[in-house]
Every structure is written in structure tokens, then in C-alpha cells.
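> Any chance you can model this:
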Amino acid sequence: MKAKSIKGKSTEEISSALTESVADGFKPTLAIVFISVKQDREAICKLLEEKGIQVFGATTAGEFIDGEIEEGSIVMMLLDMNPAYFKMEFIETSPETALEDASKLGISGKESFTNPAFIIATGGVSLDGEPIVEGIIQGSGKSPSSADREVTVFGGKAGDDLALESTFVFTNGKSKDYALVALIIDEDKIDVKGIATCGWKAIGTTKTVTKSEGNIVYTIDDKPALDMLMNYLGVEIKIDNNKEIATFLSSWYYPLQVERENADPVIRTAMFANREERSLICSGNVPQGSKIRFSLPPDFDSIKTVVAECKGIKDNAQQQADALIMFSCVSRYLSFGMVMKEEIEQVQKIWDAPMAGFFSYGEYGKSKTGKYEYHNNTCCLVALKEK
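The predicted structure is shown next:
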């Protein structure tokens, strides 16, 4: 399987890059497209459809390609994957129906391939990623606690350049904010390896979530969650008195680490704060009774951790990848700035393959000691290799 990565600041630039990429006889069947909400998704899809190329697409909070970080642009991974080895699915959803809708996706994968792998992107700022993974696992007939082979799920939550208003996923002829797009791959034909890794370090003592509902945390150690975060970490927040719900970007530097037995902690970022209730609205579920610790913004050792864990999924020095896809939480970019370029470059050098990725609002994948699940503040890498 051959792969080529291209980028552009406009539909015209992508058109030229696409023409150049196929000049040597390369015939892509699939395009993985990561695009700023400022760009014309419809025009890009039409351009690819005219070439007979299927589209897996998501809007972003920044894009990157082969070690170069972009903003407000379009990056694209072109693959000549055999169309018999993959299937594209697009399902509209809502916070209330996410589990049921994701289950349909799992069923589709099971009906298509004996061993399906799912690379997904989800739209909708307030859409919780946990039901998505749970639904795919249920629909595919796999149980996380069974002895069966786990179903592979990697991906990212779409962004909108930090506006936190409307994020989109799309494929040929379809685009929606509350939806999921999935590239279902036959793992008997294409090897799909990956890892979700973080590097954020917990600080202080373990605390208890004493009241929560879904992704809303009301109290921690019986104190209002927002006040606890602000006082404990010395974080100040200015909330518009005209708004009950406020965007809380400063909290992205200080996510909650939910502790688990026999598994790495799962990170949960407070994306919004409720001024009246003094609660935190997280991007994923935080069960009542959970044991948590706060996190500090990472130091540069975090990059070394990510690179080392990505290298750890490579079986041997000779193993290569045809293509690399990365979903990296935008909080990492907010914390590291352009130093993120170093992390992206070092990960790409492990395989020396074309790479495309974007800065996301959440990630799907498997940590070193965990199961496939929804994450925040992680770097999720996927390596594809035709068998």
C-alpha cells in the first residue's frame, strides 16, 4: 500500500497538490482529510469525488503533516488501499442516542469483516466519547473483559479552531456536527497498530468525586468542583455574568486524572464551567465516587514519554508502516506551543512513513495498560501497514 501526504491553504492549492501526487501513476482510493472549519469542506469532497476517492474527514483545532504544524489549512493522507479492504460509514447521532448509534457501527463492522478495526472521528463539542467506544464494542460482539480478541478503535474528536461551537465530520456527500465517521478496515489484510499516550503528571493527594452525573462534576470532597479546582491550583477564571456556562480553556492545562485499578488513569478535561452551580463540565464521563488527582501542565519529559511509548508498539527494527495517522489533544499544543513539532517529528522518525494528523478535542485508543476507550490530553498514534 502506497501513501502520500499533501497540504494546502485553499482548495486550489490542494487541487494542484493532488494533480502532482498522481502524475507518476499513483491512484489513491482513500483520502484522510483534516481541515480547518474556515476551509470549504464541500469543495474538497467534490474534488476528491471527481477522482473516485472515498473521504474520511474531520474539522480541527490545528493540523500537522510530516512534522510541519499548520493552522487554518487542509492536510490530507492519500492511500491506494484496496477498496475491498475497507468500508466507510457515516452515522448522525446525539448525546442521547450515541450508544445506540455507535452500536450500529459495530454491527456494520462485524458484518463487513471477520476482524474489523475502526478508525473514527466524532463531531459535536458536547458529545461524550465513552458511549461511542462502548457502542462499537457492543455492536461488534466483543466484550472488554472476555478472552476474545479486542476490537481495535482509534480516532479523534473533531475541533473548530478553539471556538467550541460547532465541530464537523464528513465523507462523500455528507457533513454534520453531531455525527461519527468511521473508516472500517479489514485487519486480516491491513495491520493497524496504535497507542494512546499522555505524559501528564498527577500532583497532590487523591480526592473523591462526591457528586457527579455523567460528565458533570458538582462536588469534589464535598466542595464545589469549580472552586476546588480554582483554589487548589490557584487558577483564576473570569466568567461573563451574562453566561451561565463559560468556556474554561485555562482548565485544559489542569485535567483530572481518574484513577483505576490495574490500568493507567484516564484523563478528563473540564471544557466548561457552570457559574451558578460551580460545577465542571468535562469532555467525558466522571463517575460519582471516582478517585481523582489533579494534573500540572507537562514538562518536556512528557514528549520523551510519548515518543518512548510510541516506539514500544513497534515489534522490531525492520517493521515499517505505510502510513501514520495522529490525533493529538489540542491541550498539548496549548501547553507546548511549537515545541510540539519536536514530538511529531520524533514519532514520525520511528517508522519514517508519511504522516497526517490534527489537534483534537478528545482521543480514542488504547493506553499501555488499558483497554480501548475515550481519552483527553493524549497523543494517539495509528500505524497502517498492508500485510
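> contacts, neighbours, all on C-alpha from now
Will do.
> Next, give phi and psi for the residue nearest to the spatial centre of the chain.
The residue lying closest to the centre of the chain (CA atoms, centre = their mean) is Gly156, at 1.8 Å. The phi/psi pair for Gly156 (degrees, to the nearest 10) reads phi -150, psi 160.
> wouldn't it be in contact with Glu373 here?
No: assessed by CA atoms under 8 Å, Gly156 is found out of contact with Glu373, at 11.3 Å.
> For those two, list the residues in contact with both.
Tyr364 (CA atoms under 8 Å, 6 or more residues apart in numbering).
> low pLDDT regions in this structure?
Scanning the chain for pLDDT under 70 picks out 142-149, 233-251, 297-300, 316-319.
> Could you pull out the helices in it for me?
Assigned by DSSP state H, the helices in the chain fall at 11-21, 41-50, 98-112, 130-139, 225-233, 301-312, 330-336, 340-351.
> Please dump the ones you listed into TSV; it should also carry distance to Thr269 and mean neighbour count for every row.
Below are the helices of the chain laid out as TSV (distance: least, CA to CA, whole Å; neighbours: other CA atoms under 10 Å):
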stretch	distance to Thr269	mean neighbour count
helix 11-21	34	16
helix 41-50	28	17
helix 98-112	20	22
helix 130-139	14	23
helix 225-233	12	18
helix 301-312	17	19
helix 330-336	9	21
helix 340-351	19	20
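> Could you point out which of those helices sits nearest Glu165?
Ranking those by their distance to Glu165 (criterion: CA to CA) puts helix 330-336 first, at 15.3 Å.
> just checking, what packs against that closest one?
strand 355-360 (3 or more CA pairs under 8 Å, 6 or more residues apart in numbering; DSSP states H and E).
> got the angle for the strand it packs on vs helix 340-351?
140 degrees (axes from the mean of the first three to the mean of the last three CA atoms, to 10 degrees).
> In terms of residue numbering, what are the domains of the protein?
Per the record, the chain has its domains at 3-197+300-386, 201-296, by automatic domain parsing.
> Just name the most buried of these.
domain 3-197+300-386 (a mean of 21; mean count of other CA atoms under 10 Å).
> Could you check how far that one is from the centre of its chain?
7 Å (CA atoms, centre = their mean, to the nearest Å).
> First-to-last residue distance for that domain?
From its first residue to its last, domain 3-197+300-386 covers 11 Å (CA to CA, to the nearest Å).
> And for stretch 19-33?
One end of stretch 19-33 to the other measures 16 Å (CA to CA).
> begin at 58 from here
Okay, using 58 as the starting number, the last item reads as stretch 76-90.
> angle of the lengthiest strand in the chain against helix 358-369?
Criterion DSSP state E: the longest strand present in the chain is strand 258-270. Put simply, strand 258-270 runs at 90 degrees to helix 358-369, going by the same axes, to 10 degrees.
> that older thread, now do the contacts for the residue nearest to the centre of the chain.
Ile177, Ala178, Thr179, Phe384, Ser385, Ser417, Tyr418, Gly419, Glu420, Tyr421.
> Could you find the closest non-adjacent residue to Gln314?
Using CA to CA, 6 or more residues apart in numbering and skipping the chain neighbours, the partner closest in space to Gln314 is Ile324 (4.7 Å).
> dump the residue contacts of the one you found.
Counting by CA under 8 Å, 6+ apart, Ile324 touches Pro312, Leu313, Gln314, Val315, His432, Asn433, Asn434.
> go on, Val274?
Here Val274 is in contact with Val266, Lys268, Ala282, Ser336, Leu337, Ile338, Cys339, Val343 (CA under 8 Å, 6+ apart).
> mind checking the end-to-end distance for stretch 207-224?
Using CA to CA, the end-to-end distance of stretch 207-224 comes out at 29 Å.
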